[in-house]
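A.B. asks: Just a sequence and a predicted model for now, questions to come.
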Amino acid sequence: MIECIPNFSEGRNSQVVDAIADAVRAVAGVYVLDLHSDADHNRSVLTFAGDAGAVKEAAFRAVEAAALLIDMRQHSGQHPRIGATDVLPFVPLRDATLAQCAEIARAVGRRVADELHIPVYFYGAAARAAEQRELPALRKGEYEALRELIKSDPARRPDFGPRELGSAGATAIGARPPLIAYNLFLSTGDLRIAKQIARAVRGSSGGLRGVRALGMLVGGRAQVSMNLIDFRSTPVHRAVDLVVREAANYGVLVMGGELVGLMPEDALIDAGRTRLYLPQLGDAQVLERRLAQVIAEQRRSKTLRERLQERAEQQRGDHDYTAAPLQSELDAIWMHSVQALAASVGDLSIADLPNRVRAMLRVLSRDLLDGVNAERSGSADRAQVLLLMARRAVKAAEVLDVSAIDTISSARAAVIVHLAHSVVATARLRALELLPMLDERQRALLIQEFNLSAQRARDLLAQVDPVT
């Protein structure tokens, strides 16, 4: 299991951020875990995980979507950055190693450079040179300075890709252990104080080991923004304690914290041991961890594949009939509906529409076709693939907002919304066939998500065709 946490230079336009996240969700076998956007930083952090192959493909599609939708020449924000996809780290989770993540980073980096013509710098465990291992060195001068330095400075030569920056900028791609991104807000608007505290905390300035820190002004409030790149050497509660003490020296308070993305469970347990005076606290005393242990022990003798096969055989025994001809016809109808929607949406990508709308339509068209192929190939995550296709169909209808309808005619928009509604309804019916193979919680979640997509499709259809 591999985790990927790309950071994008867009935190104010939710349509752009959602389109990038949708490009990731369209890849079968990938699980989107979190999406965090900050308007002041003008930055979004997406967290997803899956097996190596799925994560590699999803990571590339995310970079591709960001390159289409984000123009670094127009970007401004508090956070240092060099590109539309500023940083693309791969992190080992269950049964994975840092070396494997470094190989994935290099493979994705080469593809990004070759197919998207974006300069790529490797960092962390994927770095080719020691001086490239640290992100601050790669970001020095940010996008604006790199536009010139990449052409002339040998030290700023990318590992792959052209020695020039386009509208998508450059991307730093690497491999690292889990990182905690944690911000603390102060009871002052004095940026100078935040910068002084950040300097005291920052490891490179003699502060805490494995801690990067910046002082920023966010929403009129001073903020100490921290990345804990080694939370085992410097636990998060120790970093918080130091910020509190340094703030007190300036007569200010820490008013609240902000977690960007996800935090490893071990970091929370470690904080609990210290704050609750329970130094011997172990997994067996934490309810959820102990429950997971017991469930794993009970299921160890029977694999998931064996349990699903048993359920499928039981279901076939309960319904002793053959419906192959009918199923074949339904499959054909389903495939033609998806292909028709994808073709209609794809045609609009060359219409007289805003660039971002056309880019989103291209991505949606491709994702719909990829989805139907994955579903027909018998993907192990077939129910999830169907749900993602229903969401893509709804997104295609939503992209046709009022301005787009004025451009392409209401009749053409109505046809696309009708096709989207048909795809959602058919995907829901096909997913219902898979319910016996899912456990009770999975069934409830799948039904709930399909119902939401179906209701949204009906609402959109009513807007363009009141007769329905």
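C.D. replies: Ah, there it is.
A.B. asks: What ranges does the stretch 1-150 of the chain have for its strands?
C.D. replies: Along the stretch 1-150 of the chain, counting by DSSP state E, counting those that start in this stretch, strands occupy 2-4, 7-8, 30-38, 43-50, 85-92, 120-124.
A.B. asks: With mean pLDDT added, can I get these in CSV?
C.D. replies: Below are the strands of the stretch 1-150 of the chain laid out as CSV (pLDDT from 0 to 100):
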stretch, mean pLDDT
strand 2-4, 95
strand 7-8, 96
strand 30-38, 92
strand 43-50, 94
strand 85-92, 96
strand 120-124, 95
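A.B. asks: Figure out which of the ones you listed is closest to Val286.
C.D. replies: Ranking those by proximity to Val286 (C-beta to C-beta) places strand 30-38 first, at 20.3 Å. Every residue, glycine included, has its C-beta placed from N, CA and C.
A.B. asks: The closest one: partners in the sheet, and parallel or antiparallel?
C.D. replies: strand 43-50 (antiparallel) (DSSP bridges).
A.B. asks: quick one on the thing from earlier: can you put the strands of the stretch 1-150 of the chain in a markdown table and add mean neighbour count?
C.D. replies: Formatted as a markdown table, these follow (neighbours: other C-beta atoms under 10 Å):
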| stretch | mean neighbour count |
| --- | --- |
| strand 2-4 | 24 |
| strand 7-8 | 26 |
| strand 30-38 | 18 |
| strand 43-50 | 23 |
| strand 85-92 | 26 |
| strand 120-124 | 25 |
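A.B. asks: Any chance of CSV for these, columns distance to Ile333?
C.D. replies: CSV is the format used below for these (distance: least, C-beta to C-beta, whole Å):
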stretch, distance to Ile333
strand 2-4, 36
strand 7-8, 38
strand 30-38, 28
strand 43-50, 30
strand 85-92, 38
strand 120-124, 44
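A.B. asks: ok, Arg128 - contacts?
C.D. replies: Arg128 sits next to 122, 159 when contact means C-beta atoms under 8 Å, 6 or more residues apart in numbering.
A.B. asks: ok so, going back, would you tell me which of the strands of the stretch 1-150 of the chain gets closest to Gln280?
C.D. replies: Ranking these by proximity to Gln280 (C-beta to C-beta) places strand 85-92 first, at 27.9 Å.
A.B. asks: Render the CA-only coordinates of the closest one in PDB, please.
C.D. replies: The C-alpha coordinates for strand 85-92 follow below in PDB (Å, rounded to 0.1, in the frame of the first residue of the first chain):
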ATOM      1  CA  THR A  85       1.700  20.400  -8.900                       C
ATOM      2  CA  ASP A  86       4.400  21.800  -6.500                       C
ATOM      3  CA  VAL A  87       5.300  18.600  -4.800                       C
ATOM      4  CA  LEU A  88       4.400  14.900  -5.400                       C
ATOM      5  CA  PRO A  89       5.600  12.700  -2.500                       C
ATOM      6  CA  PHE A  90       5.200   8.900  -2.300                       C
ATOM      7  CA  VAL A  91       5.000   7.400   1.200                       C
ATOM      8  CA  PRO A  92       5.300   3.700   2.100                       C
END
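A.B. asks: Indicate which one of the strands of the stretch 1-150 of the chain is closest to Arg443.
C.D. replies: strand 30-38 (17.8 Å).
A.B. asks: what sits up against the closest one?
C.D. replies: 3, 10-12, 14, 17, 21, 24-25, 43-50, 54-55, 57-58, 79, 218, 260-262.
A.B. asks: so how far is Arg139 from Arg12?
C.D. replies: 20 Å (C-beta to C-beta, to the nearest Å).
A.B. asks: quick one: which of the two has more around it?
C.D. replies: More crowded of Arg12 and Arg139, by other C-beta atoms under 10 Å: Arg139, with 22 against 16.
A.B. asks: do you know how far that one is from Thr171?
C.D. replies: Taken as C-beta to C-beta, the span from Arg139 to Thr171 is 12 Å.
A.B. asks: Can you show me the helices along the stretch 101-250 of the chain?
C.D. replies: With helices called from DSSP state H, counting those that start in this stretch, the stretch 101-250 of the chain shows them at 135-138, 142-152, 191-201, 236-249.
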